[in-house]
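**Q** Turn this into a model:
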Amino acid sequence: MILNPVTVTVRSLTLGDGVPKICVPITARDLVGLEEQLEKVRAVPCDLVELRADYYDGDPIEELTVLRERMPDVPLLFTFRTKAEGGERAISLEEYAACNRRAARAQAADFVDLEYNRGEEFLRKLCRELQENGAKVIASFHDFAQTPEPETLVHLLYRMQELGADVTKAAVMPRKEADVLKLLQAAVEMKMQYADRPYIVMSMGCLGGISRLAGTLTGSAVTFATAAASSAPGQMEAPLVAQVLSVLK
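**A** The predicted structure follows:
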């Protein structure tokens, strides 16, 4: 049993302290859209901002740099979600690695998301490179077709720990009510037995909405909520999420 799980702190944000944090995504196509979405983000409860760089039509590092200038004190998560993982653009493995390296080297992103399904050795090596450049790594697993069994989900989260990620994440799609319970069961098992660092879990879509509000129970360190456009199925509006989390806490 894990008695003293490790927290991760960047700027004024601490993940893994038992209080779920709200992450709001930005999905702008250009700098005009970035400014528009920033106004909305500033108006809602938000602990962490995710830049979904795969939405941007230009150089994503340009967008990241501008966002850091506009929000100098807010923790930033840089995510280039590939088409295979539900994102907006398909790029080669080499392009994916280069984009994430540039994000870390720019010293503008506090966290960088790396997809587990790109391959374990790829993840292990790139994770170490990004950490050497000062970024924390969130290793993420996605399944948009189904919900794996609880033991499989626990194994995936534990494996991402072994590969060196600072934070692990699993997002899966429920097809029935029992699938949501599978995700919640896996999260609690992770919390009680295996997690030695923060982890994030969610059951996507409307059916899985309860999982986005249950972090106090499940140990999930972050929940994703919207200020403008959503970046994944099932995301709720940030003010509503903040209200529910406050009541549950």
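
**Q** Spell out which strands sit alongside the longest strand anywhere in the chain in the sheet and which way each one runs.
**A** In the chain, taking DSSP state E as the definition, the longest strand is strand 136-143. When pairing is defined by DSSP bridges, strand 136-143 lines up against strand 111-115 (parallel), strand 167-172 (parallel).

**Q** Residues in contact with it: which ones?
**A** Outside strand 136-143, the residues that touch it by CB atoms under 8 Å, 6 or more residues apart in numbering are 8, 10, 77, 85-86, 110-117, 123, 127, 130-131, 156-157, 160, 163-173, 200. Glycine gets a C-beta too; all of them are placed from N, C-alpha and C.

**Q** go again using 6 Å as the cut-off
**A** Residues from elsewhere that reach strand 136-143, judged by CB atoms under 6 Å, 6 or more residues apart in numbering: 85-86, 111-116, 127, 130, 156, 160, 165-172.

**Q** Which is the succeeding secondary structure element to it?
**A** Heading C-terminal from strand 136-143, the first helix or strand you meet, by DSSP states H and E, is helix 150-162.

**Q** Can you point out the buried residues in that following helix?
**A** Neighbour-count burial for helix 150-162, with 16 or more other CB atoms under 10 Å as criterion, is recorded at 150, 153, 154, 156, 157, 158, 159, 160, 161.

**Q** before we move on, what about stretch 70-85?
**A** Within stretch 70-85, the residues scored as buried using 16+ other CB under 10 Å are 71, 74, 75, 76, 77, 78, 79, 80, 81, 82, 85.

**Q** can you check stretch 7-16 too?
**A** Residues of stretch 7-16 classed as buried: 8, 10, 13, 14, 15, 16 (neighbour count, 16+ other CB under 10 Å).

**Q** Then stretch 94-103?
**A** Neighbour-count burial for stretch 94-103 flags 96, 97, 99, 100, 101, 102, 103 (criterion: 16+ other CB under 10 Å).
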